[in-house]
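Engineer: Below is the sequence, then the predicted model.
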Amino acid sequence: MTRPRPAPRVAAAVDPVARVMVDVPLPHLDRPFDYLVAAEFDEQVQAGSRVRVRFAGRLVDGYVLDRRPSSEHANALAFLDRPIGVQPVLTDETAALFRAVADRYAGSFVDVARLGVPPRHARTEAAPPTVEVARTARTVHSGWDRYHAGGAFMAAVGAARPARAVWSALPGEDWPARIAEVIQTALAAGRGAVAIVPDGRDLARVDAALLRLLGDGRHVALSAELGPAERYRRWLAVRRGVVQAVVGTRAAGYAPVVNPGVLIIWDDGDDLHREPRAPYPDARDVLVLRSSLTGAALLVGGYARTAEAQLLLESGWAHEITADRGTLRAVAPRVVAAGDDVEQARDPAARAARLPSLAWRAAGKALADGQPVLVQVPRRGYVPSLACVRDRTPARCATCAGPLAMGSAQAIASCRWCGRPAGGWACPTCAGRKMRALVVGAGRTAEELGRAFPGTLVRTSGRDQVLDTVDGRPALVVSTPGAEPVAEGGYGAALLLDGWAMLARPDLRAGEEALRRWLNAAALVCPGGQVVVVADAGIPVVQALVRWDPAGSASRELAERSELGFPPAVRMAALSGRPDAVLDFVQAAELPAPHEMIGPVPTAPSPTGGDSESVRMLIRVPREDGARLATALRAAAAGRSARKATELVKIVLDPAELF
DNA sequence: TCAATCCGTATC
DNA sequence: ATACGGATTGAC
């Protein structure tokens, strides 16, 4: 009985070898493997194509890096199984970027490619490309001449020079319009552009600004919220060079724009820029790497300034775009710090609303002047919810040290992590036995404010329902950080009520993050309007808000991080997992000298239910050894996976949360 | 003497 | 991961 034999395959005549990155989760296989391309697939298998290959006996997905005339591999090559679709997805430039990001974060190429390449949608890929008719662009006067070096940066982008800048936006700045102007300048120079913003609301604003400036069809907005078909359709338009400008959320930092001339990130301190999937890259770093690799210009902008952006400046890698003090004074709100004098407030309504009297008066005046008032309150759950009524020591669980909270229908506080009721609590500092709500949610604040200002319209913007804009009529707009609506004509006043609560967070970045949120809210206030921040005026970041000095604050922050030995002044890696696995890992790793090991410490039990057996270890090296540290960690991970150590160790470079 | 099993190694 | 080869073990 003769079995039907498959027809013998013939390799392509030219460049028969494809170098393929295979999609397997093992770190030691993060390198190219060579396959033969059958003649029948010659056209479909190109540099950047998705393919299916037989690897260790199984069919797996892969990406073709390039085609070559021959292989270095000593043994016979296998034929690759088949191409997936006809559309190459990587460009030489994005392939190099995926490699660089993987190397920076001790991760693998395919992990990063998964972040940067959207899932294929076959029908969309096959559909004829929609013909976009570009409307004539509108010319407007650039708003960049209010800034030192603003015009120079625009000129550099227009001349396709690789300028790199950190931009401190003026309060009230129409930053989406400024970003649109930069993008328009890059397009006019025949180059592409990528702009990254934290969330969908900012994305919509930049999208609208681009539509106004460029007309239809010159750009696309990319975000994860689009359905798979629409997301792939827009992404394909970029990959095919139909559009050259992209605005999007963090994954759009990898968009395969042809010949990018400028890369932009807005509000780089927002934690939404950090990817929560391995290898946990940050969008600012992705753009910095991409700028270095391609020579594209880079713009890091925001009202606030991060220590990381400050380092770009102090290392001389980037230049500053700022306005002078006179220009700033003309547009800035007046900012005062109010100690939390709730108890002394004369007005009973103010007392009931937990408002310091200064804040209450500022709000009343703005409302009387016919203007809206912004009230920023922290998100519920952002900080421990109960504290000692006398000295505000956060109330913690006696068993697991988790934060205590008051349940909805319970009379007794209980732990939010372990759920145990906290009967008989006593303050560890003053032995007081009374707790009070440290932070009141937006809903409750809105209720109380409504009573404090009878007859005033109260609106809320937060997690569940985010308002994009409010009109210029008098109203109290209660919002959580990041959800503040833009007010027509600007707010008459802003009350930042969460000051000390925000600063009380046991986090390395608490100060920087508090200032960032305050500046973002205060920037929405009209020139000369009143901002009241409820915090101790002696705290440096409170001073930085009062003087509107994000640069000075970032400089101080960076100096402090240098002194304490924290990123970005040094490079750190956090290794977490079961104790034996973490120990085994660090023993196997050939870490660059000098290095410092901190820990291991047990990781805090969390409501998300992480392994209670888990520990975390920090490794610290000088900044210039960052690449070597990542290489060593990758090698250690490869060694472990090669010898079948299955216990997972999570590697995070420069973790955002250090405590 | 042969099969079952363990361990190490390569995966193109 | 998974597949394979070579060494090792154990039973006839």
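Structural biologist: Received it, and whenever you're ready, just let me know what you need. Since this is a predicted model, take the numbers as computed values, not measurements.
Engineer: and the closest residue to DNA strand B within the stretch 251-400 of chain A, helix, strand or coil?
Structural biologist: In the stretch 251-400 of chain A, the residue that lies nearest DNA strand B is A:A278 (19.2 Å; CB to the nearest atom of the strand). Bear in mind the C-beta positions are built from the backbone N, C-alpha and C, glycine included. For A:A278, the assignment made with DSSP: H, G, I helix; E, B strand; the rest coil gives coil.
Engineer: State the distance from it to DNA strand C.
Structural biologist: Counting by CB to the nearest atom of the strand, to the nearest Å, the gap from A:A278 to DNA strand C is 16 Å.
Engineer: Could you pull up the contacting residues of that residue?
Structural biologist: A:G107, A:D111, A:K650 (CB atoms under 8 Å, 6 or more residues apart in numbering).
Engineer: Need phi/psi at the second one.
Structural biologist: The one in question is A:D111. phi -60, psi -40 (degrees, to the nearest 10).
Engineer: My read is that it contacts A:A102, right?
Structural biologist: Yes. Taking CB atoms under 8 Å as the definition, A:D111 is a contact partner of A:A102 at 6.7 Å.
Engineer: Mind listing the shared neighbours of these two?
Structural biologist: With CB under 8 Å, 6+ apart as the test, A:D111 and A:A102 both reach A:P279.
Engineer: rewinding a little: and the pLDDT for the residue of the stretch 251-400 of chain A closest to DNA strand B?
Structural biologist: Per-residue pLDDT puts A:A278 at 94.
Engineer: How about A:A442?
Structural biologist: For A:A442, the pLDDT comes out at 67.
Engineer: In ChimeraX, select just the buried ones from the contacts of A:A278.
Structural biologist: Selecting only the buried entries of the contacts of A:A278 in ChimeraX, with 16 or more other CB atoms under 10 Å as the criterion:
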select /A:107,111
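Engineer: want to throw the contacts of A:A278 into a markdown table with pLDDT?
Structural biologist: Converted to a markdown table, these look like this (pLDDT from 0 to 100):
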| residue | pLDDT |
| --- | --- |
| A:G107 | 96 |
| A:D111 | 96 |
| A:K650 | 93 |
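Engineer: so what's A:V182 up against?
Structural biologist: Contacts of A:V182 (CB under 8 Å, 6+ apart): A:F153, A:M154, A:V157, A:A193, A:V262, A:I264, A:L299.
Engineer: Filter these down to just the ones in helices.
Structural biologist: The helices, defined by DSSP state H, take in A:F153, A:M154, A:V157 from those.
Engineer: Closest one to DNA strand B out of those residues, please.
Structural biologist: Proximity to DNA strand B was ranked across the ones in helices among the contacts of A:V182 by CB to the nearest atom of the strand; first place goes to A:V157, at 42.1 Å.
Engineer: Just the closest of the contacts of A:V182 to A:E125, please.
Structural biologist: Set against A:E125, the nearest of the contacts of A:V182 by CB to CB is A:A193 (24.6 Å).
Engineer: Could you provide the contacts of A:V182 in CSV, with additional columns for neighbour count, distance to DNA strand C and pLDDT?
Structural biologist: As requested, the contacts of A:V182 are exported to CSV (neighbours: other CB atoms under 10 Å; distance: CB to the nearest atom of the strand, whole Å; pLDDT from 0 to 100):
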residue, neighbour count, distance to DNA strand C, pLDDT
A:F153, 24, 49, 97
A:M154, 24, 52, 97
A:V157, 29, 47, 97
A:A193, 30, 41, 98
A:V262, 31, 42, 98
A:I264, 25, 40, 98
A:L299, 25, 43, 98
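Engineer: how about the residues you listed in JSON lines, adding distance to DNA strand B?
Structural biologist: Listed next are the contacts of A:V182 as JSON lines, based on distance: CB to the nearest atom of the strand, whole Å:
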{"residue": "A:F153", "distance to DNA strand B": "46"}
{"residue": "A:M154", "distance to DNA strand B": "48"}
{"residue": "A:V157", "distance to DNA strand B": "42"}
{"residue": "A:A193", "distance to DNA strand B": "38"}
{"residue": "A:V262", "distance to DNA strand B": "38"}
{"residue": "A:I264", "distance to DNA strand B": "39"}
{"residue": "A:L299", "distance to DNA strand B": "41"}
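Engineer: Which members of the contacts of A:A278 additionally contact DNA strand B?
Structural biologist: Under the cut-off given by CB under 7 Å from any atom of the strand, DNA strand B has nothing from the contacts of A:A278 close to it.
Engineer: on that earlier part again, phi and psi next, for the residue of the stretch 251-400 of chain A closest to DNA strand B.
Structural biologist: Phi and psi for A:A278, reported as degrees, to the nearest 10, are phi -60, psi 140.
Engineer: which stretches of the stretch 551-659 of chain A form helices?
Structural biologist: A:579-588, A:626-642 (DSSP state H, counting those that start in this stretch).
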